[in-house]
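> Build the 3D model from these lines:
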Amino acid sequence: VVVIDVDNTLYPDSEAGIEAQIVAGIHAFCAKNYNLTPAACDELHHKHGSTVQGIKKELGMTPEDEVLFYEEVYSDINYSSLLRLGSASADGTGYKHGSSVRSLLSKTSSPVYIASNSPLKHVTRVLSALGLADFPLCGVMTPDTNNYLTKGDPQFWAP
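Prediction:
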């Protein structure tokens with residue numbers, strides 16, 4: 001089985017800047033809703049594997065606030081940096097960046113899954129921007145498809 005993360009794995013953030021946008025959104029949400037500094041947010045992330053899990057465990061985030069977290073943090077992500085138009089790739093998408101990932105993943109005979117701490121809507125947008133929306137994945141695991149668990153929680157990986 002091959003399990004691949006999305007952010008900073010399917011694309012380099014040094015080129016895309018997506019992760020920086022996510023972190024900025026997390027910091028803004030935490031400041032607005034919990035009066036936390038960026039350093040405090042980052043500490044929750046390091047301690048609990050994700051900021052949202054840290055807020056849930058230490059500050060009592062409600063399920064409603066968790067939905068709001070994902071909506072607010074990911075609402076203004078600009079995906080245009082993932083579009084690297086070049087010569088058409090072998091799959092005809094026209095996206096240069098995703099073609100090498102597609103080629104690599106196509107060579108495996110193992111089932112391919114995506115696992116992310118980002119919500120499904122974001123993962124879908126990234127895959128689409130990279131020209132991978134039609135790649136035959138065996139599954140996509142995200143907090144909003146997995147009882148709002150994140151990858152740092154062993155239950156996230158339970159069958």
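> right, and residue 130 touches residue 11 too?
Yes - between residue 130 and residue 11 there is a contact under Cβ atoms under 8 Å: 6.6 Å. In this view, the C-beta of every residue, glycine as well, is placed from N, C-alpha and C.
> Of these two, give the one with the bigger neighbour count.
Neighbour count, other Cβ atoms under 10 Å: between residue 130 and residue 11, residue 130 has more, with 26 against 22.
> what ranges do the helices span in this structure?
Under the criterion DSSP state H, helices of the chain are mapped to 13-16, 18-34, 38-48, 51-59, 63-74, 96-106, 120-129.
> can I get these in TSV with mean neighbour count?
TSV is the format used below for these (neighbours: other Cβ atoms under 10 Å):
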stretch	mean neighbour count
helix 13-16	15
helix 18-34	18
helix 38-48	16
helix 51-59	20
helix 63-74	16
helix 96-106	17
helix 120-129	20
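> quick one: average pLDDT of stretch 34-49?
Per-region confidence: stretch 34-49 scores 96 on mean pLDDT.
> Output that stretch in CSV with nothing but the alpha carbons.
Listed next in CSV are the C-alpha coordinates belonging to stretch 34-49 (Å, rounded to 0.1, in the frame of the first residue of the first chain):
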residue,chain,number,x,y,z
TYR,A,34,-8.9,31.7,20.7
ASN,A,35,-6.7,34.8,21.2
LEU,A,36,-3.6,32.6,20.5
THR,A,37,-0.4,33.9,19.1
PRO,A,38,1.2,32.2,16.0
ALA,A,39,3.8,30.7,18.4
ALA,A,40,1.1,29.2,20.6
CYS,A,41,-0.6,27.7,17.5
ASP,A,42,2.6,26.2,16.3
GLU,A,43,3.2,24.7,19.8
LEU,A,44,-0.2,23.1,19.7
HIS,A,45,0.6,21.6,16.3
HIS,A,46,4.0,20.2,17.5
LYS,A,47,2.5,18.8,20.7
HIS,A,48,-0.6,17.2,19.2
GLY,A,49,0.3,16.6,15.5
